[in-house]
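Visitor: give me coordinates for this.
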Amino acid sequence: MVALNFRSKEPIYVQIMNQIQERLASGELEPGQQLPTVRRLAAELGVNFNTVARAYRLLDQQGVISTQHGRGTYALARRSAARPRRAQLERLAQGFAREAERLGFRPEQVAETIGYVLEEWDQRGRVVT
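Guide: As a prediction, the model looks like this:
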């Protein structure tokens, strides 16, 4: 169900959340479908129970899943595939901004560079490397 990258800078609970959201947005995970229990998923992934519990709790708060005590955890109906995609894009941008800050760049330097890259992408129809 979930494939983790233990070398990623992205926290494990965020990876779990992202993959559940992506599976729901793609239709691979259907609304109403039951997810594995926290304990079962933690055992399958080889991670701490609390890591999976945190991911499920946050997804429940976001309205992506519903945890019903004694009954299980279920995917909720897709309101819009754009919401998880937008959240994913924001997480990418935040990670990029953190890394740029760590490297000592100022926000205006980053904005100028991103503007240039986006212009090139728009003109050429692809990101130039």
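Visitor: residue contacts, the residue most central in space within the chain?
Guide: Computing the C-alpha centroid of the chain and ranking residues by C-alpha atoms, centre = their mean puts Asn18 first, at 2.5 Å. Going by C-beta atoms under 8 Å, 6 or more residues apart in numbering, Asn18 touches 10, 88, 91. The way it works is simple: take the backbone N, C-alpha and C, and place the C-beta from them, glycine included.
Visitor: out of these, which sit inside helices?
Guide: Using DSSP state H, 88, 91 are the members of the contacts of Asn18 that sit in helices.
Visitor: quick check: domain ranges of the chain?
Guide: Residue ranges for each domain of the chain read 12-75, 82-124, as given by automatic domain parsing.
Visitor: hey, which of these is tucked in deepest?
Guide: domain 12-75 (a mean of 16; mean count of other C-beta atoms under 10 Å).
Visitor: how long is it end to end?
Guide: For domain 12-75, the first-to-last residue distance is 20 Å (C-alpha to C-alpha, to the nearest Å).
Visitor: going forward, count from 15.
Guide: Yes, from this point I'll number from 15; that puts the last item at domain 26-89.
Visitor: continuing past the helix or strand of the chain with the lowest mean pLDDT, what's the next helix or strand?
Guide: Ranked by mean pLDDT, DSSP states H and E, the weakest helix or strand in the chain is helix 96-116, scoring a mean of 79. Heading C-terminal from helix 96-116, the first helix or strand you meet, by DSSP states H and E, is helix 121-138.
Visitor: list the helices and strands that next one packs on?
Guide: Counting by 3 or more C-beta pairs under 8 Å, 6 or more residues apart in numbering; DSSP states H and E, the packing neighbours recorded for helix 121-138 are helix 96-116.
Visitor: could you give the angle of the helix it packs on to helix 121-138?
Guide: Helix 96-116 and helix 121-138 meet at an angle of 130 degrees, taking axes from the mean of the first three to the mean of the last three C-alpha atoms, to 10 degrees as the criterion.
Visitor: what helices and strands are in contact with helix 96-116?
Guide: Going by 3+ C-beta pairs under 8 Å, 6+ apart, helix 96-116 lies up against helix 26-40, helix 121-138.
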